[in-house]
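Novice: Give me a model of this one.
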Amino acid sequence: MENDATYLVFAGARRIASGSLRDVLPVLKRRFDRDRSELVLVFEVETGRQVDFDLRGSLDDVLEREAQRSRRGPGRPRLGVTSREVSLLPRHWEWLAEQPNGISGSLRRLVERASTTHPGKERARRIRTALSRFLSAMAGDRPNYEEACRALFGGDTKRFEALVERWPKDVREHALHGAREAARADEEPLEAPAGEAVVAELYRLVWSQGDYRAIGRLIAPRYAIHSDPGDPWDGQTLDRETYEERVAYSRTAFPDLVFTTHELVVAGDRVAVRWSAEGTHAGDLRELPATGERLTFAGQTMYELKDGQVAGHWQIVDRLGFVRQLRGSAPTGRASR
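Specialist: Prediction:
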């Protein structure tokens with residue numbers, strides 16, 4: 001069964017099961033067969049939402065139905081945009097309209113930046129939202145419910161603990177666990193700006209480790225090489241498959257190629273990088289046959305980002321010093337190709 005979500009099962013105020021579907025479905029099935037009128041609530045821990053299962057038939061039938069539903073997934077995602085009202089002042093609309101890619105693109109970038117620049121805060125928000133859904137169902141009629149919710153979203157964990165002290169044990173324990181986990185998430189250090197993180201991953205995973213699977217996540221569907229004198233793809237716009245060919249071209253010549261980023265500077269949708277690289281020239285490179293020598297080279301690159309992915313670059317590399325190293329160590333008696 002591929003569903004890896006975690007669930008909580010309550011009968012009244014008592015927790016009767018928790019864990020994966022394989023953990024909770026047998027418990028649900030036994031209670032369903034014993035008393036179909038019993039009110040049992042099942043919550044998905046990550047979202048706090050209540051879920052229902054079809055418990056008819058044998059336990060094997062129940063497990064197989066859920067396995068099939070997990071394999072099918074939630075269905076085909078709806079394409080396009082769902083229209084919702086956004087209230088902004090006229091100057092806000094004017095500013096958005098002047099940004100690259102228009103209003104929709106600007107809003108997507110702002111949302112992406114907010115959700116990735118402060119991952120701890122975002123995780124804390126999700127935990128509190130999920131917990132509030134659980135509390136609405138399980139503690140909406142308990143003393144101090146409204147005050148506890150205000151303390152939860154206000155990040156006042158000590159007050160929250162005091163307000164839920166007299167709640168039923170199992171409800172209280174889950175509430176305290178969630179509130180404390182959210183408080184810990186609030187204290188997580190901020191990550192680097194989203195653009196900086198994406199470019200750093202590009203150097204680490206793709207160019208230094210040869211992890212081509214990461215290209216689909218880090219590189220935009222259309223990647224423009226605006227200026228890169230001496231690069232075979234200079235001036236072209238690449239798809240992801242061609243970008244992979246470009247990486248493979250360098251890593252075939254230098255199988256142990258490793259990049260070091262010395263400085264990254266973020267300015268809006270641009271990330272400037274000062275870098276150096278080192279590798280063993282073990283494969284032929286255009287007109288320069290393999291030498292087996294260890295070479296180093298350096299450069300500066302300005303990357304263009306779009307919707308959280310790298311969409312192009314301008315680059316200057318010390319190609320003269322690079323070629324001099326290659327030719328200076330080229331084996332004698334071997335003609336250039």
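Novice: Pull the residues that contact the longest helix anywhere in the chain.
Specialist: Longest helix in the chain by number of residues (criterion: DSSP state H): helix 119-138. Here helix 119-138 makes contact (Cβ atoms under 8 Å, 6 or more residues apart in numbering) with 8, 10, 13, 41, 43, 45-50, 114-116, 145, 148-149, 152-153, 155, 171, 174-175, 178-179, 181-183, 185-191. (C-beta placed from N, C-alpha, C; glycine too.)
Novice: Give me the buried subset of those residues.
Specialist: Among the contacts of helix 119-138, those buried by neighbour count (16 or more other Cβ atoms under 10 Å) are 8, 10, 43, 45, 48, 116, 145, 148-149, 152-153, 171, 174-175, 178-179, 182-183, 185-186.
Novice: In strands, which of these fall?
Specialist: Taking DSSP state E, the ones among the buried ones among the contacts of helix 119-138 that sit in strands are 8, 10, 43.
Novice: Looking at the residues you listed, spot the one nearest D239.
Specialist: F43 (43.5 Å; Cβ to Cβ).
Novice: on that earlier part again, how about the longest helix of the chain, which residues are buried there?
Specialist: Buried residues in helix 119-138, counted by 16+ other Cβ under 10 Å: 119-121, 123-125, 127-128, 130-132, 134-135, 138.
Novice: now do the same end-to-end measure for stretch 148-165.
Specialist: With Cα to Cα, to the nearest Å applied, stretch 148-165 spans 10 Å between its terminal residues.
Novice: what's the burial count for D256?
Specialist: Close neighbours of D256, defined as other Cβ atoms under 10 Å, add up to 12.
Novice: rewinding a little: any idea of the mean pLDDT for the longest helix of the chain?
Specialist: What helix 119-138 shows for mean pLDDT is 92.
Novice: can you give me the angle that helix makes with strand 7-11?
Specialist: Comparing the axes of helix 119-138 and strand 7-11 via axes from the mean of the first three to the mean of the last three Cα atoms, to 10 degrees yields an angle of 20 degrees.
Novice: Pull the distance from helix 119-138 to the chain's centre.
Specialist: Distance of helix 119-138 from the chain centroid (Cα atoms, centre = their mean, to the nearest Å) equals 19 Å.
Novice: now do stretch 13-20
Specialist: Put simply, stretch 13-20 sits 30 Å off its chain's centre (Cα atoms, centre = their mean).
Novice: Which stretches in the chain count as helices?
Specialist: 21-34, 59-72, 90-98, 102-117, 119-138, 145-153, 157-163, 169-186, 194-201, 215-218, 240-253, 319-328.
Novice: Burial-wise, tell me which of the ones you listed comes out on top.
Specialist: Burial among those, expressed as mean neighbours by mean count of other Cβ atoms under 10 Å, is greatest for helix 194-201, which shows a mean of 20.
Novice: Run through the neighbouring helices and strands of that one.
Specialist: Using 3 or more Cβ pairs under 8 Å, 6 or more residues apart in numbering; DSSP states H and E, the elements in contact with helix 194-201 are helix 102-117, strand 258-267, strand 270-280, strand 294-306, strand 309-317.
Novice: Count the neighbours of D284 for me.
Specialist: Using other Cβ under 10 Å, D284 is surrounded by 14 other residues.
Novice: Quick check: closest non-adjacent residue to it.
Specialist: Distances taken as Cβ to Cβ, 6 or more residues apart in numbering put A290 closest to D284, at 5.4 Å, once the chain neighbours are dropped.
Novice: what's the answer for L285, then?
Specialist: A253 (4.1 Å).
Novice: Next one: L28 from L59, what distance?
Specialist: Applying Cβ to Cβ, to the nearest Å, the value for L28 to L59 is 10 Å.
Novice: nope, V258 is what I meant
Specialist: Going from V258 to L59 by Cβ to Cβ gives 53 Å.
Novice: Same question for L218.
Specialist: Counting by Cβ to Cβ, the gap from L218 to L59 is 44 Å.
Novice: can you pull the alpha-carbon coordinates of stretch 253-263 into PDB?
Specialist: Extracted in PDB, the C-alpha atoms of stretch 253-263 (Å, rounded to 0.1, in the frame of the first residue of the first chain):
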ATOM      1  CA  ALA A 253      35.700  15.000 -20.500                       C
ATOM      2  CA  PHE A 254      36.100  15.500 -16.700                       C
ATOM      3  CA  PRO A 255      34.300  12.600 -14.900                       C
ATOM      4  CA  ASP A 256      35.300  13.800 -11.400                       C
ATOM      5  CA  LEU A 257      34.500  17.400 -12.100                       C
ATOM      6  CA  VAL A 258      33.700  19.400  -8.900                       C
ATOM      7  CA  PHE A 259      32.600  23.000  -8.700                       C
ATOM      8  CA  THR A 260      33.200  25.300  -5.800                       C
ATOM      9  CA  THR A 261      31.000  28.400  -5.400                       C
ATOM     10  CA  HIS A 262      33.000  31.200  -3.800                       C
ATOM     11  CA  GLU A 263      30.300  33.900  -3.800                       C
END
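Novice: That's all I had, so thanks and see you.
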